[in-house]
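Chemist: sequence first, predicted model second:
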Amino acid sequence: MPELPEVQTVVNFIKDKLIEKNIIKIVPIWPKVFDNFSEHDFYSKVKNTKIIDVKRRAKFIIIELENFLLAIHLRMTGKLYFVNKGLPKHTSAIIKLNSNKTLIFEDVRKFGRFYLYNNLETINKRHGYEPLSKSFTKEIFLEILNSCKRGIKSLLLDQSKVVGLGNIYVDESLWLSQIHPQSISDKIPQKKVFILYNSIRHVLRKAISNNGTTIINYTYTEGKTGNNADELNIYGKKGFTCNVCDTTIKKIKVSNRGTYICKCQKIHSAKK
DNA sequence: CCATGAACCTGGTCGC
DNA sequence: TGCGACCAGGTTCATG
């Protein structure tokens, strides 16, 4: 579930119930879920457990406390939501609030992690531009693409350049721009780079406004799901007809990821 | 610098 | 119905 729009949706959904509350208990159920701290560390390091703010940076959910922040990465199957009673089968961690509410981190594949940091520095060091921020201009995007020679899909998935894109939205953005995922980044004409820039922002904004894409029954809480699956044009559409070029959508492998393409996506590479 | 593959995990689906 | 193979919205690390 978790690319930028889905993480943003989780933040939007839980934020109000967290701000101004105190964390009275935080329990790891899966032993490895707390990456760089222990339950005891949390209680002793974090003096004031009042939550100041909840936001997103890259694909992390950032729960900001007075002198620390708790960063949560959902990885492939993580879900963060409130429960009234009982624990789901794959509960990985529990956060209890003084409001008597319980936030659950459910994670079937157990890849998700919690991190305790003083500030955002550690995350910022390894992560690039927020694609929807003002500082991410089309000129900067062009510079990123021209400064290396990499397959465009692999580059877009690289969080140290531009954050938030994952397998779904990369395929959707490239399709919308009619660029083949194996195009070499510095061989894509400037005009198309700008189209790709617009496509990425359009695709992400639309997905956020739809509360994210639900593929496998992802529920934020009480059955709420994202509606963006209806908006997908290429991802998961193998065998369907592309509604632009009218040919059959194929599935191939690019950067070791399942990748959906159609004929209208041109490959830009060094001439043979 | 860049690509590839494995590792971390569980569960669903597909083909025989 | 059963079983194995393969796949999954992410990231990191080792290797060539």
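Modeler: The structure has been received and is ready for your questions. Numbering: from 1, shown residues only, chains lettered A, B, ... in the order given.

Chemist: for the rest of this, base every contact and every neighbour count on C-alpha atoms.
Modeler: Fine.

Chemist: I'd say residue A:166 and residue A:157 touch.
Modeler: Yes: using CA atoms under 8 Å, residue A:166 is in contact with residue A:157, at 5.8 Å.

Chemist: ok, whichever residue of the stretch 51-200 of chain A sits closest to DNA strand C - contacts?
Modeler: Closest to DNA strand C within the stretch 51-200 of chain A is residue A:166: 2.9 Å, counting by CA to the nearest atom of the strand. Contact partners of residue A:166, counting by CA atoms under 8 Å, 6 or more residues apart in numbering, are A:3, A:157.

Chemist: what distance do you get for it to DNA strand B?
Modeler: As judged by CA to the nearest atom of the strand, to the nearest Å, residue A:166 and DNA strand B stand 14 Å apart.

Chemist: so for stretch A:204-213, mean pLDDT?
Modeler: The pLDDT scores in stretch A:204-213 average 94.

Chemist: and the residue of the stretch 51-200 of chain A closest to DNA strand C, how far from residue A:182?
Modeler: Using CA to CA, to the nearest Å, residue A:166 is found at 16 Å from residue A:182.

Chemist: end-to-end on stretch A:120-140?
Modeler: Chord length of stretch A:120-140, first to last residue, is 22 Å (CA to CA).

Chemist: what residues sit buried inside it?
Modeler: A:127-131, A:138 (16 or more other CA atoms under 10 Å).

Chemist: in helices only, show me these.
Modeler: Mapping those onto helices (DSSP state H) picks out residue A:138.

Chemist: what pLDDT does the residue of the stretch 51-200 of chain A closest to DNA strand C get?
Modeler: 96.

Chemist: and what of the one 4 residues further on?
Modeler: What the model reports as pLDDT for residue A:170 is 97.

Chemist: need the three-state assignment for it.
Modeler: Under DSSP: H, G, I helix; E, B strand; the rest coil, residue A:170 falls in the helix class.

Chemist: now the nearest residue to residue A:77 once chain neighbours are set aside: phi and psi?
Modeler: Among residues not flanking residue A:77 along the chain, residue A:107 sits closest, at 5.3 Å (CA to CA, 6 or more residues apart in numbering). Main-chain torsions, residue A:107, degrees, to the nearest 10: phi -150, psi 100.

Chemist: hmm, who's touching stretch A:18-26?
Modeler: A:39, A:42, A:49-54, A:93-99.

Chemist: can you rerun that using 6 Å?
Modeler: Stretch A:18-26 is touched from outside by A:49-53, A:94-98, with contacts defined as CA atoms under 6 Å, 6 or more residues apart in numbering.

Chemist: next one: stretch A:39-51
Modeler: If you take CA under 6 Å, 6+ apart as the criterion, stretch A:39-51 is touched by A:19-23, A:64-65.

Chemist: DNA strand C: which of those is nearest?
Modeler: Nearest to DNA strand C out of the contacts of stretch A:39-51 is residue A:64 (CA to the nearest atom of the strand; 19.3 Å).
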